[in-house]
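A.B. asks: Sequence first, then the predicted structure:
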Amino acid sequence: MTLASIVTASIVPFDPTIAIAGVASIFLALFVAFVTFLALAPVISETWTEQLHATPNDGPTLEADVGDAD
């Protein structure tokens, strides 16, 4: 073994593909947890449901007003 291979083996003790798969697995788990939170939050919390069913404030609408031109 040469000195370069010993130093390289101590810096990268495993295959980089395993590291990428590990990081991807962690981010996938975080994403699934976040989506699950968004799906279950209205069921668990009443205040969350109130926030989701807010009434609009005089914003633009898709309905035509009487004064609109054709």
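C.D. replies: Looks like it came in fine. Please read all numbers here as calculations on a predicted model, not as lab measurements.

A.B. asks: what about the chain, any weak spots by pLDDT?
C.D. replies: Low-confidence segments of the chain, defined by pLDDT under 70: 1, 4-13, 48-70.

A.B. asks: so residue 25, which of the three states?
C.D. replies: What DSSP: H, G, I helix; E, B strand; the rest coil gives for residue 25 is helix.

A.B. asks: buried sites along stretch 33-43?
C.D. replies: Within stretch 33-43, no residue is scored as buried using 16 or more other Cβ atoms under 10 Å. Heads up, the C-betas are built off the backbone N, CA and C, glycines and all.

A.B. asks: Return the alpha-carbon coordinates of that stretch using PDB.
C.D. replies: Extracted C-alpha coordinates of stretch 33-43, given in PDB (Å, rounded to 0.1, in the frame of the first residue of the first chain):
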ATOM      1  CA  ALA A  33     -43.100  13.300   7.600                       C
ATOM      2  CA  PHE A  34     -43.800  16.900   6.300                       C
ATOM      3  CA  VAL A  35     -46.500  15.600   3.900                       C
ATOM      4  CA  THR A  36     -48.000  13.500   6.600                       C
ATOM      5  CA  PHE A  37     -48.100  16.500   8.900                       C
ATOM      6  CA  LEU A  38     -49.900  18.500   6.300                       C
ATOM      7  CA  ALA A  39     -52.400  15.700   5.800                       C
ATOM      8  CA  LEU A  40     -53.100  15.100   9.500                       C
ATOM      9  CA  ALA A  41     -52.900  18.600  10.900                       C
ATOM     10  CA  PRO A  42     -56.600  19.500  10.100                       C
ATOM     11  CA  VAL A  43     -57.800  16.300  11.700                       C
END
